[in-house]
Every structure is written in structure tokens, then in C-alpha cells.
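Undergrad: Okay, here's the prediction I keep looking at, along with the sequence it came from:
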Amino acid sequence: MNITVIGTGYVGLVTGACFSKMGNKVYCVDIDESKIEGLKNGILPIFEPHLGTMVKNGQEKGDLIFTTDIGEALDNTDFIFIAVGTPMSEDGSANLDYIFSAATDIAENIDHDVLVVIKSTVPIGTCFKVKEHIDNILKERNSNVKIDIASNPEFLKEGRAIEDCMHPDRIIIGAEKPEIFDKLKDLYSSFVLNHDRFILMDIKSSEMTKYVANAMLATKISFMNEVANICEATGANVQKVRLGIGSDKRIGYDFIYAGCGYGGSCFPKDIQALIHTAQINGYEPMILSNVEKVNANQKMVLVNKVVDRFGSDLNGRTFGIWGLSFKPGTNDVREATSLTVIRSLIDKGAKIKAYDPEAIEEFKKAVGEKYMDSIELVDNRYSATENCDGLILITEWKEFRNPDYGILSDNLNEKVIFDGRNIYDKRITKEGFELFQIGC
Ligand SMILES: NC(=O)c1ccc[n+]([C@@H]2O[C@H](COP(=O)([O-])OP(=O)(O)OC[C@H]3O[C@@H](n4cnc5c(N)ncnc54)[C@H](O)[C@@H]3O)[C@@H](O)[C@H]2O)c1
């Protein structure tokens, strides 16, 4: 099959690489010239395990082509996947400018009938609006080209994106005609050879499913963070409570870890977009609004613990930070807790030494110039603890799990660890460390 993927970010690049791995010929098109130039020269714009090899192999075989030329990318294509960003607008709604600009590009350049598939996370009803937009431009062009539309939301997790894409839990297809389901099932059948994982539905339900999946996961996190705060206030231990409730099959162990808040490019914006969609349709969501409020508070929990320990004036103090990306396995720092924690500590007078295995460059771009004077970014974990008054663990990369406590003891001015992900064993307190965790 010939496939065009519009938007070469986390979703577009991974999707394009995986489709090419299955023997399809894939054009990945992006408006960002430097990104495409880099990709042509083997430079990946993101860190994602196994992606580099897959992209290289696809390029070498001629199955994966990067371009900024939409005309070239649409020539002879059978499927057009739209995978551009849908960031948050000021009012919380999803900004659909990139989606409609991609739709305009398709409408102005396509010269044959084709199926347009929206993979980006878009508000309920967007697919129909995109089809209408394309049809209107085709009409203005006096073109007889017919396009069909489908929704196919993406569920990959950054850090495991290739695995998720090659072995999906489910493939949601939203469409209004049986032949569209069949076309997409044929395309995806190579990903689900051992058993069928298609879930077919109407377009609006498909668009909604993506938002609800993210809202449910974010709700679980915020619920457990609230429980952690109640545990802390009452002397209970959220780790033990987690095991106690997870053993109930109706609850399960996944996504009930307490921590220092969620970030990322999806949960925060998707919850806001769902709230906005509910409101403009006359429903005031009560749970969703509070999921976000709990999370905003949770991102400050580590700062509050630092203040409780060291006082609110942090002038003269330096803190070591382990982990800047919003979660392990990615260099993505969008809405990362590290940004909130580091900015807040600096606002209180502190200096920062920070280390992350992959996200340092992205962090530099995101944190804001005024903060950079107070931050030293280092290239190994122990340098980030030298002469620091405490270590703050924000992202649970594997290399932070079993540190050499002897080195930490020598490096830190005070043997204080703020563990934002509850990965350390309380027994280290026997070696003189003060350990502050979340909800225990
Ligand atoms: N990142 C994730 O983990 C993830 C997971 C599931 C779903 N999603 C959703 O997928 C969509 C894409 O997310 P992402 O993280 O890949 O975004 P991203 O910001 O990493 O990448 C988007 C890309 O689209 C390009 N682009 C914008 N307008 C374009 C146009 N008109 N033509 C060609 N390229 C254009 C941008 O230059 C950018 O490279 C979003 O709706 C997001 O919510 C993301």
C-alpha cells in the first residue's frame, strides 16, 4: 500500500516507521523543514527506543521517505493519515489550526479518490468538519475527486511507542461505511496476525474513546495522589494501600502509583479539551475539572516538602534534580513536573543542578531563559548531586533506581532525598538519609 502520513512528530514518525516496516511505501510529510532535513540525514527529532534503527532500515529500503512537498507525498497514495499536533488553546479547547491546514493541503493537492484517516486526538465531530472542509475546497477546484473520512485514534505510549504500534492492544476504527472498515482492517491486519484486535464504531464514538481513555488514566493518577495526601495526613502508607486495593481484580495494579503529578503532551491538554467539549455541549463536568486541580497541586508537593525541610527562603541552597522528562523513556518535557518544581525552587532563591539521560536539550528550550542562569545541567547523575543540599527525584529512569549511596553520601551537603516517585526503600534512613516520599 502507499501511505502518506502528515505530521512527523511522535505519532506520525512512529506510525510511518511501523507502516514501512510492514512493507508499505510511506511518505512522511512535515512543514518543519529542519526536522525533515535532519530525518533525511539520519537525525531523529525525538528520543524513542528502537525508532532510529527502524527509520534507518525503512529509508535504506526506499520504503520510508521524508519530504516537505505535500504534492509528492500525495501522489498515488491509498491512505492519508493526519497526525499533526492538537495543542491546547487558551480557553482549554483543542487548537485545530494544524488539522485544518493539513486538510487544506490535502484538498488543494489531491488528484484521486482517497481515504483520509485522522490519527491526531481531535474533539468529537472534527472528522466530519474536516471532510466538509476538504469537500468545499474540492468543489471550488471543480474537482471530481471523492474523499472518505475515518477516525483512528492513536494509543501509543512515549518510551514504548514502537512496541505499542507494532503490537497494539486495540485498533479503534471509527467510520460510517462498511467498506472503510474493511479497507483499514486490511491495512492493519499485518499488526494483529495472532488475534483480531479491531474495535469498530461510529466516528464520534471513536473520537470520544481517545479522550475518555486519557481522562480515565489521569483520573486514576489524581485519585491515587489524593489518597496519598490523605495517607500522609493520617499516618497511613499509600504504598501498602496500593497493594491492598490493587489485589482486587476490579481495581487492578496499573496506574495507581502515587507520585509528584502527571505531565506530557496528552493528559493535560486532552482533559482540558474534554472539559471544554462538555461545557460547549451544556454539561458541566465535575470529576474532570478536579482531576486537573489535584494534579496542579501534586506538582507542588515536592516543593512544599523542600520548604517544610529547609524553609521558604532557599537563597544559598542548591538542589540536585534527577529526571527532567515527563516520564522515563522519552525526551519529551511538555507539561513535565520538573518544569514546575525547578521554576518554583528558583523563584524561592535556590540554585539547581540537574541531570536527565535524554531530555536536557528539550528542557533547555522549555524552562525559560530567566531560569537558566540558576541551573547547571550536567551529563551524569552523580555530578548533579555534588555540593547539593538535597537530591530531588522527579522522573524514575531506571538508572536512578539503585544509586550508590556511598557516593551520594559524599556528594550531598545534607543527606536528604525527596523521592517524587516512591522508588527508594525506607531502609536507607538507617544509613543516615532523610527520605521524603509521597504519601508514606
Ligand atoms: N505524543 C503522544 O504520545 C501521543 C499519543 C497518542 C496521540 N497523540 C496525539 O497525536 C497528535 C500528534 O501528537 P505528537 O505528539 O506526535 O505531536 P508533535 O507536536 O510531536 O508533532 C506534530 C508534527 O506535525 C507537524 N505539522 C503541523 N502542521 C502540519 C501540516 N499542516 N503539515 C505537515 N506537518 C504539520 C509539526 O511540524 C510537528 O512535526 C496529537 O493530536 C496528540 O494529542 C499523541
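TA: Perfect, I can see it now. Numbers count the residues shown, from 1 in each chain.
Undergrad: For Glu396, give its distance to the ligand.
TA: 18 Å (Cβ to the nearest ligand atom, to the nearest Å). All C-beta spots, glycine's among them, are computed from the backbone N, C-alpha and C.
Undergrad: The residue nearest to that residue when sequence neighbours are not counted - how many residues pack around it?
TA: Closest residue to Glu396 apart from its sequence neighbours, by Cβ to Cβ, 6 or more residues apart in numbering: Arg421 at 4.1 Å. For Arg421, the neighbour count with other Cβ atoms under 10 Å is 23.
Undergrad: Arg421 reaches Trp397, doesn't it?
TA: No: here Arg421 lies out of contact with Trp397, judged by Cβ atoms under 8 Å, at a distance of 9.9 Å.
Undergrad: Would you pull up the residue in the protein closest to the ligand?
TA: Gly9 (1.8 Å; Cβ to the nearest ligand atom).
Undergrad: okay, now that residue: neighbour count?
TA: 18.
Undergrad: For the remainder of this discussion, apply numbering that starts at 195.
TA: Yep, numbering from 195; the last one is Gly203 now.
Undergrad: OK, contacts around the nearest residue to it once chain neighbours are set aside?
TA: Once flanking residues are discounted, Gly203 sits nearest to Gly279: 6.2 Å by Cβ to Cβ, 6+ apart. Contacts here follow Cβ atoms under 8 Å, 6 or more residues apart in numbering; on that basis Gly279 touches 201, 203, 292, 314, 459.
Undergrad: Strands along the chain, start to end?
TA: 196-200, 219-223, 258-261, 273-276, 308-312, 341-345, 365-368, 392-395, 512-516, 545-549, 569-571, 584-587, 610-613, 628-630 (DSSP state E).
Undergrad: Dump those to TSV, plus distance to Thr413 and mean neighbour count.
TA: TSV is the format used below for those (distance: least, Cβ to Cβ, whole Å; neighbours: other Cβ atoms under 10 Å):
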stretch	distance to Thr413	mean neighbour count
strand 196-200	31	25
strand 219-223	34	25
strand 258-261	37	21
strand 273-276	28	26
strand 308-312	25	23
strand 341-345	23	23
strand 365-368	20	23
strand 392-395	21	15
strand 512-516	28	25
strand 545-549	30	22
strand 569-571	33	18
strand 584-587	25	25
strand 610-613	24	24
strand 628-630	26	16
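Undergrad: Select from the contacts of Gly279 every entry located in helices.
TA: Tyr292 (DSSP state H).
Undergrad: would you list the contacts of Gly279 in TSV and tack on distance to Glu254 and pLDDT?
TA: Putting the contacts of Gly279 into TSV (distance: Cβ to Cβ, whole Å; pLDDT from 0 to 100) gives the following:
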residue	distance to Glu254	pLDDT
Gly201	23	98
Gly203	23	95
Tyr292	30	98
Ser314	29	98
Ser459	30	90
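Undergrad: and of the contacts of Gly279, the nearest to Lys434?
TA: Distances from Lys434 to the contacts of Gly279, taken as Cβ to Cβ, are shortest for Ser459 (33.0 Å).
Undergrad: hang on, that closest one packs against Asn525?
TA: No: judged on Cβ under 8 Å, Ser459 makes no contact with Asn525 at a distance of 11.9 Å.
Undergrad: Fine by me, we can end here.
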